[in-house]
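[1] Next come a sequence and a model predicted from it.
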Amino acid sequence: MATSIPEPEDICANCGKAGGGDVKLKKCNGCLLVKYCGIDCQKAHRPVHKVACKKRAAELHEEKLFAEPPGREECPVCFLRMPFEQEKISYKACCGKEICSGCSNGDMSTRITDAVDRSIEKDRAQVFQNRRAPKAKSGAKAKGKKGKAQNISPSASAPFANLDLKEMLEQPCPFCRTPFAIKVQDQYKELQKRVDAGDPRAMYHLGIKLTGPMGSVPADTKKARELLLRSAQSGYPLANLSVGMFYYDGKYPAVFPKDLKKARQYFEIGAMGGDPIARAYLGEMEMDRFNCRVGSKHYMISASCGYELALDNVLNGYKTGYVSKDEYANTLRAYKVASDEMKSEQRTEADKSGSGCDDPHNNPHFFSALDLLDQMRNLGRCN
């Protein structure tokens, strides 16, 4: 629980000059316990104040770090709490909204299924009509290569003849209903417009895409680094998590070289912003330092936000004695509440399909539509 910070005396800690009138005193930014009349007095008093300042600054940072995290935003379509995993969040550059996987993935699945069902019904109606028609009109006679006449059945040679490919492949935004850009170049342009408008979410999503080849758009590690840092500095929790992971893993040295100190800084900012995965990384780093009690506290906060892997670590802490029975029970209850607030049938279905829904190219239903389109091309039904 955060403690109240006592108001420092209204005198300069170095020269004793009282504040008021033309004398304006400023608090020490580190500990907020003393005031100075100017930078010269602050520098002169530094050797005396240094130890106490660092101790109090560490206490204030710890209080802020372990404070109750802010609640997560709601999906603007289903109004459920947004998931915190990157692969379960879809950013729509058309309206600047982030939408959960259940709404984004489910919308495309529904449109493809409905389009195919309508096509099948129309084909069945056509077959029924052909059967009721006179034999002379049931099929046309055509000569083959050897001059023999053969019957051509419209329904047999043209499966899915009534399928509306444009309706099926053009996935609209579930929020603003703007048609989603299928071409990678168009997606890049839409994201860049949002970046130019100063949207930290767009900076993050475009930065992540540019760490590797984005279809026909080549990777740009320099721009990716710039965008991710700008997004993180704006306070976007997911960006702080990702930058921390880049520094922690060191798998993309061209973007962020391995640096555990910097990784910890970004994980802390992400954790204070409410990201449970960043919080769990802090727990792992504390465990590596054998600060098991501190690491367990991070795991408990992360699990209380609905992160299942952190809950497993809390259980391990309970078995080894770093987490009490009451702490484990309270964490388990909080996890149940948080996870239930993020559950829905649509999200469960999206998780089963294993789709990362940031764009339709990562959506299995999109590829199902393209496979069907290829089959129709082979049958000569479309160009």
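    Alright, I've got the coordinates.
[2] Centre-most residue in the protein?
    Centroid check for the chain by Cα atoms, centre = their mean gives Gln86 as the closest residue, at 3.1 Å.
[3] quick one: the nearest residue to that one once chain neighbours are set aside from Gly250, how far?
    Once flanking residues are discounted, Gln86 sits nearest to Leu238: 6.4 Å by Cβ to Cβ, 6 or more residues apart in numbering. C-beta coordinates here come from the backbone N, C-alpha and C atoms, glycine included. With distances taken as Cβ to Cβ, to the nearest Å, Leu238 is found 20 Å from Gly250.
[4] which residues of this structure score low on pLDDT?
    By pLDDT under 70, the weakly predicted segments of the chain are 1-7, 106-171, 180, 182, 213-216, 353-383.
[5] can you pull out the strands in the stretch 51-200 of the chain?
    89-92, 97-100, 140-143, 149-152 (DSSP state E, counting those that start in this stretch).
[6] re the thing from before, wouldn't the residue nearest to the centre of the chain be in contact with Ala239 here?
    No: if you go by Cβ atoms under 8 Å, Gln86 and Ala239 don't touch, sitting 10.4 Å apart.
[7] who's more crowded, Leu238 and Gly250?
    Neighbours per residue, other Cβ atoms under 10 Å: of Leu238 and Gly250, the larger number sits with Leu238, 25 against 14.
[8] sec struct for that one, please.
    Three-state call for Leu238 (DSSP: H, G, I helix; E, B strand; the rest coil): helix.
[9] residue contacts, it?
    Contacts for Leu238 (Cβ atoms under 8 Å, 6 or more residues apart in numbering) come out as 84, 86, 89, 204, 270, 275.
[10] likewise Phe267?
    By Cβ under 8 Å, 6+ apart, the contact set of Phe267 is 240-241, 244, 248, 278-279, 281-282, 285.
[11] For it, give its distance to Ala224.
    Applying Cβ to Cβ, the value for Phe267 to Ala224 is 20 Å.
[12] Likewise for Cys100?
    Applying Cβ to Cβ, the value for Cys100 to Ala224 is 25 Å.
[13] what about these two, which has more around it?
    Cys100 (27 against 22).
[14] For the more buried one, list each beta-bridge partner.
    Counting by DSSP bridges, Cys100 forms beta bridges with Ile89.
[15] Now for Leu241: which residues touch it?
    Taking Cβ under 8 Å, 6+ apart, we find Leu241 in contact with 266-267, 270, 275, 277-278, 281.
[16] Can you classify it by secondary structure?
    Assigned with three-state DSSP, Leu241 falls in the helix class.
[17] Arg46 and Cys53, how far apart?
    Arg46 is 8 Å from Cys53, where distance means Cβ to Cβ.
[18] Neighbour count for these two, which is higher?
    Cys53 (19 against 12).
[19] What residues does the more buried one make contact with?
    By Cβ under 8 Å, 6+ apart, the contact set of Cys53 is 28, 30-31, 33.
[20] Same question for Arg230.
    200, 203.
[21] secondary structure element for it?
    Using DSSP states H and E, Arg230 sits within helix 221-233.
[22] Would you mark the buried spots in that helix?
    By 16 or more other Cβ atoms under 10 Å, the buried positions in helix 221-233 come out as 224-225, 227-232.
[23] Distance to Lys297 for those residues - can I get that in JSON lines?
    Shown next, in JSON lines, are the buried residues of helix 221-233 (distance: Cβ to Cβ, whole Å):
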{"residue": "Ala224", "distance to Lys297": "34"}
{"residue": "Arg225", "distance to Lys297": "32"}
{"residue": "Leu227", "distance to Lys297": "33"}
{"residue": "Leu228", "distance to Lys297": "28"}
{"residue": "Leu229", "distance to Lys297": "29"}
{"residue": "Arg230", "distance to Lys297": "31"}
{"residue": "Ser231", "distance to Lys297": "28"}
{"residue": "Ala232", "distance to Lys297": "24"}
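[24] For Lys209, state which of these is nearest.
    Checking these against Lys209 with Cβ to Cβ, the nearest one is Ala224 at 8.0 Å.
[25] is it true that the closest one touches Ile208?
    Yes: using Cβ under 8 Å, Ala224 is in contact with Ile208, at 7.5 Å.
[26] Tell me the spacing between Glu190 and Gly38.
    According to Cβ to Cβ, Glu190 stands 51 Å off from Gly38.
[27] Repeat that for Ala232.
    When distance is defined by Cβ to Cβ, Ala232 is 34 Å away from Gly38.
[28] same check, this time on Ala329
    Counting by Cβ to Cβ, the gap from Ala329 to Gly38 is 54 Å.
[29] which of these two has more neighbours?
    More crowded of Ala329 and Gly38, by other Cβ under 10 Å: Gly38, with 16 against 11.
[30] Quick one: end-to-end distance for stretch 245-261.
    Terminal residues of stretch 245-261 lie 12 Å apart, using Cα to Cα, to the nearest Å.
[31] what sits against Ala224?
    Taking Cβ under 8 Å, 6+ apart as the test, what Ala224 contacts is 207-211, 255.
[32] one more time with 10 Å, if that's ok
    Applying Cβ atoms under 10 Å, 6 or more residues apart in numbering, we find Ala224 in contact with 206-212, 246, 252, 254-256.
[33] now these: which count as buried?
    The neighbour count (16+ other Cβ under 10 Å) marks 206-211, 246, 252, 255-256 as buried among the contacts of Ala224.
[34] Let me have the residues you listed in a markdown table, extended by secondary structure.
    Converted to a markdown table, the buried ones among the contacts of Ala224 look like this (three-state DSSP):
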| residue | secondary structure |
| --- | --- |
| Leu206 | helix |
| Gly207 | helix |
| Ile208 | helix |
| Lys209 | helix |
| Leu210 | helix |
| Thr211 | coil |
| Phe246 | helix |
| Tyr252 | coil |
| Val255 | coil |
| Phe256 | coil |
